[in-house]
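A.B. asks: Sequence plus the predicted model coming up.
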Amino acid sequence: MINSQNKEVLLKVVNLKKWFPMQHGLASLFAKEIKYVKAVDGINFEVYKGETFGIIGESGCGKTTTGKLIMRLLEPTDGKILLNNEDVAHIKGKELKNYRKNVQMIFQDPYASMNPRFRIRKVLEEPLVIHGVGNSRKYRDEVSKQLLESVKVTPAEDFMERFPHMLSGGQRQRVSIGRGITLSPSLIVADEPVSMIDLSTRAEILAMMNNLKREFGLTYIYITHDLSTARYFADRIAVMYLGRIIEIGSADDIVDNPIHPYTRVLINAVCEPLPGKVKVMKDIQIKGEIPSAARIPKGCRFHTRCLFATEDCINNPEPELIDAGNGHYHACSRASYLPAFKY
């Protein structure tokens, strides 16, 4: 477990926002008021060097957009992204190219994340060519073979000349992970890296990623909707809802002692048999559907679905994260009135 008191902050996100305008072109000129989809709406967190920081939430909560903002695949609307205390939120050109050498991404879909016309040799050597690492084909081939060995795609010589369609889904994702560590980055953003992989190989790939973290000194941001893999793989977890972080803490604390009612709903949605009995999902229920990110409810943005919401939840300003101790924070002003959490 990562101890924040003696760990170096690698990445710090401050009031990060990404608002997408709903009107474009000429329509925006004649609109009385431009409306926005607030995909990410002012989030703050730190990632410590050497840890795995999980971001979880249901579809549409903004977790993938957060990953793309950190990768600088999207331009932030507002806020700061500090890597090693240097703001990279709006860098361009050569600075951005150097930044992407240090921060890499593993995408969700192993079938779409590599050029189908490239042989595996070229898939792995492409980052080296783009960033001018190595001056010979022999050197790049050796690096590619070592990467395949590291991600357990062996024997490496048998795979170097294959095309992506000749590999299984699990093998493709392993190659994608290998490509992600080609340039020895300090941070890897892994967006649902095992969600499209067979259940039988998910734990195997996550265990391999843990080994790579130790071997190469990596730091991960692990984006997922799967709370069970997040607990297994992450040191700390941030829970997102409608563009905001509503709870953050150690993985064990989030799962065993959740505070925010939304987090408790997520946990109770995981059908996880316990020895000798089956988990009974009767803790806290919710109502209705998730609101549109273009029409964020005033006050606490979860109040439209929360059975414990009061007029204060609607009329008061949106609650900031409250310190619950031991690095555990939540954004629920009614937390002390909720029934004790139970399985």
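C.D. replies: Perfect, I can see it now.

A.B. asks: three-state assignment of V143?
C.D. replies: helix (DSSP: H, G, I helix; E, B strand; the rest coil).

A.B. asks: Looks like D235 contacts V47 (just checking).
C.D. replies: No. If you go by C-beta atoms under 8 Å, D235 and V47 don't touch, sitting 9.8 Å apart. Bear in mind the C-beta positions are built from the backbone N, C-alpha and C, glycine included.

A.B. asks: what do these two both touch?
C.D. replies: Common contact partners of D235 and V47 (C-beta atoms under 8 Å, 6 or more residues apart in numbering): F53.

A.B. asks: Next one: the nearest residue to V13 once chain neighbours are set aside from E33, what distance?
C.D. replies: Using C-beta to C-beta, 6 or more residues apart in numbering and skipping the chain neighbours, the partner closest in space to V13 is F45 (5.4 Å). Note on F45: its distance to E33, by C-beta to C-beta, to the nearest Å, is 31 Å.

A.B. asks: Which one's more surrounded, the two?
C.D. replies: Counted by other C-beta atoms under 10 Å, F45 and E33 do not tie: F45 has more neighbours, with 19 against 6.

A.B. asks: State whether the more buried one is indeed within a strand.
C.D. replies: Yes. Counting by three-state DSSP, F45 falls inside a strand.

A.B. asks: residues contacting it?
C.D. replies: 12-13, 53, 238, 245, 248.

A.B. asks: repeat for M71
C.D. replies: So M71 contacts 100, 103, 105, 189 (C-beta under 8 Å, 6+ apart).

A.B. asks: Report the secondary structure state of D253.
C.D. replies: D253 ends up helix, using three-state DSSP.

A.B. asks: Give me the nearest residue to it, chain neighbours excluded.
C.D. replies: With C-beta to C-beta, 6+ apart as the criterion, D253 has its nearest non-adjacent residue at 5.2 Å, and that residue is H328.

A.B. asks: What about that neighbour, how many residues nearby?
C.D. replies: H328, neighbours per other C-beta under 10 Å, totals 19.

A.B. asks: mind listing what it touches?
C.D. replies: With contact taken as C-beta under 8 Å, 6+ apart, H328 is in contact with 247-250, 253-254, 257, 259.

A.B. asks: That'll do, ta.
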